[in-house]
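Undergrad: sequence? don't have it. structure:
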RNA sequence: GCCCCCGUAGCUCAGCGGAUAGAGCAGCCGCCUUCUAAGCGGUAGGCCGCAGGUUCGAUUCCUGCCGGGGGCGCCA
C-alpha cells in the first residue's frame, strides 16, 4: 500500500448499507482513494480488507468480516460480541444509554410561539410550539443549556382592540370592525371582575386599555394552560413593553447609531440594513416618533445577550422570512456574531377537513383552537405528527383523518411495543425469571441478532438529530425498532421456563429494547406507557 | 420584477452522493387454544415534475424551465 499524502486523504465515510447482505457497515473509501492513488478501487478495497482481516488493522472483537463488493465498497460485519456488549451496557446503565458526548456545550436561548395574548392559541400555533420544544430537547441532548422563551406584546393597539371588544360584548353592543370575536371574547366579557369593570370607566382611565390589560393577562393564562397540555413549558415570559420601559430599545439604537448605521430621513429613524446586503433600509422610529416592531427586536437582542447567552435561536413561521435579514444585520452591526443569531423558519400548515382547508382568523373567530386539536387527536399523536416532518416543509394536517386514524397512528404502534415489553417483563417476574446480565451467545439466534442491530443504533440516531436539529430520524427509528421488536415477539418466545437461560437472555434483550424505545420517545417528549 | 420553500406510491410524508427508492394510512388475501391482534405475514402500487450539467456513481449537488406555496410596509 503506497503511503498517502495527508492532503490527498479523503474523509473516511462509513454508512449502513440498506441491504443487510452487505454487512453492518460499508465504506466507499477505496473508491475515494482510486483517483489519488491511481489504482483500481477493487484493488485498494482488497488491500484494506486484508489489513482488517489479519493485518495491522485487525480487531476481531469488533470486526468479524471484511469483504469487497462490486464497484469498490468495503463491507464490514460487526462481531457478535460487540453487539452483546451493547446489551450488557444498556442493562448496566440504562440512564446513560443513548447519551452522546456534548456536541456544542453552549448557552442557547430559544424563542418560540410568541403569539400575542389577544386570543387562545390556534392550531396554527401548534406547529411552532411542538417544533420549538422538540428543537430544545434535541439541543439539550447535544449538551446545550437551553432557555425556552416566550415573547409577547402586552400593550398597544391590538390589546386596546381586545379591550374594546370585551367592553362591547359585555354591553351587548356590536363588536367594532377591528375588534375580536369568538366564544372566548364572550367568556372574557362574563368574567371581568366588578372592580376592573369599574376602573375601566373611571374618568380618564382609558376603557379599552384597562380592559385590554386585564383581558390579555387572562388570555395569557389560557395560553399557558394550553401549552401545558402540549407538554411545553417556558422558562421566561418576556413582555415587549418591558423592553421599552427598561430602556433596552433606546440604548440599542444609540449603540447602532455609534456605528454609523443609523440615519434620519423623512422624519423617521432608519437602520442602514443595505450595508449588510438587505434589499432596503428599515425604519426604527416612525416619523411620529413611535418605535416599530423592529426597534423592539433590536433592543431585545441586546437584552438577551446581556443575560449571557452564546447563541440565540428564533423559531418563526415562514411568513417572517422577510424580517430575518434586517435583524441579523442589526445584530452584526452591534458587534454580535451573526452566526449566533439563528432563525429557524417553520413551513406553513394547511389544516384541512375532508380535503378542504380550514381558514383561521382570531378576529373573525373562525378558527380551530389548539385545545380543539388536542381534544381530537391527543398531545402524543399531534407531537408525533410534527416531529416526523421536516421543519421547513409545508404540510397538510387533516384533522378528521388524524381523529379517525388515531388508533392506527404510528405513535401508538411504537407505544404499544413499549407496553407489550412491559407486560412481558411483568409476566416474567411472576414466573420468577429475570433478565440476564451476561448475554454472551445471544446473537446466535436470528431474531435476536436482527433486533440487537436496531437497538444498537440509538446513539447515532440521537447524534444525527442533534447535528441536523431535526427529529424525523428519531420517529423513523422508533417505528423501525417497534417493527423489529414485533417480529422478534413473533419469532422468539421470551418467557419459557423450559429454557431458563435462553429466556433470561431474551428478557435482557427485551428490556434493552424497552429502554431504547423509552429513550427515543423521551427525546420527542412523548410518553412511554407501561400498559395500553 | 426580486427573494425563500416545496414538487418522491392513491393520500400524508421520510430519504438528500452510493449497491434492488422507504414508512404510515388507504386497497386486496390470510393469521387470535400459546408472553397485550393498538399485532403479524403476503400482495398490489413509483419516467423520485421536465431538460441539461458535474461525478466512477445523481431522487440526492449545479443551471434552466414548468407547477404549487410564502415573503417583499414608517403592519405584526
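TA: Happy to help now that I have it. The model shown is predicted, which means the values in this text are computed figures rather than measured ones.
Undergrad: secondary structure element holding residue A:65?
TA: Using DSSP states H and E, residue A:65 maps to strand A:63-69.
Undergrad: and residue A:312, by the same measure?
TA: strand A:311-317.
Undergrad: one more: residue A:77?
TA: strand A:73-78.
Undergrad: distance from the very next helix or strand once past that strand to the middle of the chain?
TA: Past strand A:73-78, further along toward the C-terminus, the next helix or strand under DSSP H and E is helix A:80-92. Distance, stretch centre to chain centre, for helix A:80-92: 29 Å (CA atoms, centre = their mean, to the nearest Å).
Undergrad: stretch A:263-277 too?
TA: Per CA atoms, centre = their mean, the centroid offset for stretch A:263-277 relative to its chain is 36 Å.
Undergrad: what comes up buried for that stretch?
TA: A:269-274, A:276 (16 or more other CB atoms under 10 Å). No exception for glycine: its C-beta is placed from N, CA and C like everyone else's.
Undergrad: residue A:60: which of those residues is nearest?
TA: residue A:276 (57.4 Å; CB to CB).
Undergrad: pull the contacting residues for that closest one.
TA: By CB atoms under 8 Å, 6 or more residues apart in numbering, residue A:276 lies in contact with A:325, A:328-329, A:332-333.
Undergrad: and with 7 Å instead?
TA: A:329, A:332 (CB atoms under 7 Å, 6 or more residues apart in numbering).
Undergrad: so which of the buried residues of stretch A:263-277 sit within helices?
TA: If you go by DSSP state H, these have nothing in helices.
Undergrad: can you add distance to residue A:75 and give those residues back as CSV?
TA: Conversion of those to CSV gives the following (distance: CB to CB, whole Å):
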residue, distance to residue A:75
A:269, 65
A:270, 62
A:271, 57
A:272, 58
A:273, 53
A:274, 55
A:276, 49
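Undergrad: quick check: residues of the stretch 301-450 of chain A near RNA strand B?
TA: Counting by CB under 7 Å from any atom of the strand, the stretch 301-450 of chain A comes close to RNA strand B at A:318-323, A:345, A:347-348, A:388-390, A:392-396, A:398, A:401, A:405, A:407-410, A:412-413, A:416, A:419-420, A:422-424, A:427.
Undergrad: please give the element, helix or strand, for the residue nearest to the spatial centre of chain A.
TA: Note on chain A: the residue nearest the mean C-alpha position is residue A:134, at 2.3 Å, using CA atoms, centre = their mean. Applying DSSP H and E as the criterion places residue A:134 in helix A:123-141.
Undergrad: heading C-terminal from that helix, find the next helix or strand.
TA: strand A:145-152.
Undergrad: report the rounded mean pLDDT for that next one.
TA: Across strand A:145-152, pLDDT averages out at 97.
Undergrad: and it, how far from the chain's centre?
TA: With CA atoms, centre = their mean, you get 14 Å for strand A:145-152.
Undergrad: contacts made by it with the rest, please.
TA: A:107-111, A:113-114, A:116-117, A:136, A:139-140, A:220, A:233-240.
Undergrad: so residue A:371 makes contact with residue A:226?
TA: Yes: Residue A:371 is within contact range of residue A:226, at 5.6 Å (criterion: CB atoms under 7 Å).
Undergrad: quick one: the helices in the stretch 301-450 of chain A?
TA: A:324-333, A:370-377, A:379-387, A:399-404, A:410-430, A:446-455 (DSSP state H, counting those that start in this stretch).
Undergrad: hey, least reliable of those by pLDDT?
TA: helix A:399-404 (a mean of 78).
Undergrad: what is that helix packed up against?
TA: strand A:349-353, helix A:370-377 (3 or more CB pairs under 7 Å, 6 or more residues apart in numbering; DSSP states H and E).
Undergrad: who in the stretch 101-250 of chain A is up against RNA strand B?
TA: A:116, A:153, A:158.
Undergrad: would CSV of those residues with neighbour count be doable?
TA: What follows is those, written out as CSV (neighbours: other CB atoms under 10 Å):
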residue, neighbour count
A:116, 19
A:153, 19
A:158, 18
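Undergrad: okay then, goodbye and thanks.
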